[in-house]
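Enquirer: Whatever this is, show me its structure:
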Amino acid sequence: MNILLLLAPFSVVLGLIAVAAFVWTLRSGQYDDISGSAERILLDEADPLPTPTDPESPPT
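Expert: The predicted model follows:
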């Protein structure tokens, strides 16, 4: 029964930390462009490897 005196305040503090973290992410704008993030994963932004023009040039 004594463990409840420790676990109850601990769970309340942990819940308040989670709410504070969620409010912080809302204010920092993490959820502003949800559809853009969903579409951005489908785009291929990787640049292809450049083809060497001079066979004697060292690779970069």
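
Enquirer: just for this protein, where's the confidence low?
Expert: Scanning the chain for pLDDT under 70 picks out 37, 45-60.

Enquirer: Show me where it has its helices.
Expert: 2-27, 34-40 (DSSP state H).

Enquirer: Mind putting the ones you listed into JSON lines with mean neighbour count?
Expert: Just so you know, the C-beta spots here come from the backbone N, C-alpha and C atoms, and that holds for glycine as well. What follows is the helices of the chain, written out as JSON lines (neighbours: other Cβ atoms under 10 Å):
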{"stretch": "helix 2-27", "mean neighbour count": "10"}
{"stretch": "helix 34-40", "mean neighbour count": "9"}
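
Enquirer: and the residue nearest to the spatial centre of the chain, how far is that from residue 1?
Expert: With distances taken as Cα atoms, centre = their mean, the residue of the chain nearest its centroid is residue 30 (8.6 Å). As judged by Cβ to Cβ, to the nearest Å, residue 30 and residue 1 stand 42 Å apart.

Enquirer: what do you get for residue 28?
Expert: 42 Å.

Enquirer: quick one: which of those two has more around it?
Expert: residue 28 (9 against 4; other Cβ atoms under 10 Å).

Enquirer: Quick check on the more buried one: phi, psi?
Expert: phi -80, psi 0 (degrees, to the nearest 10).
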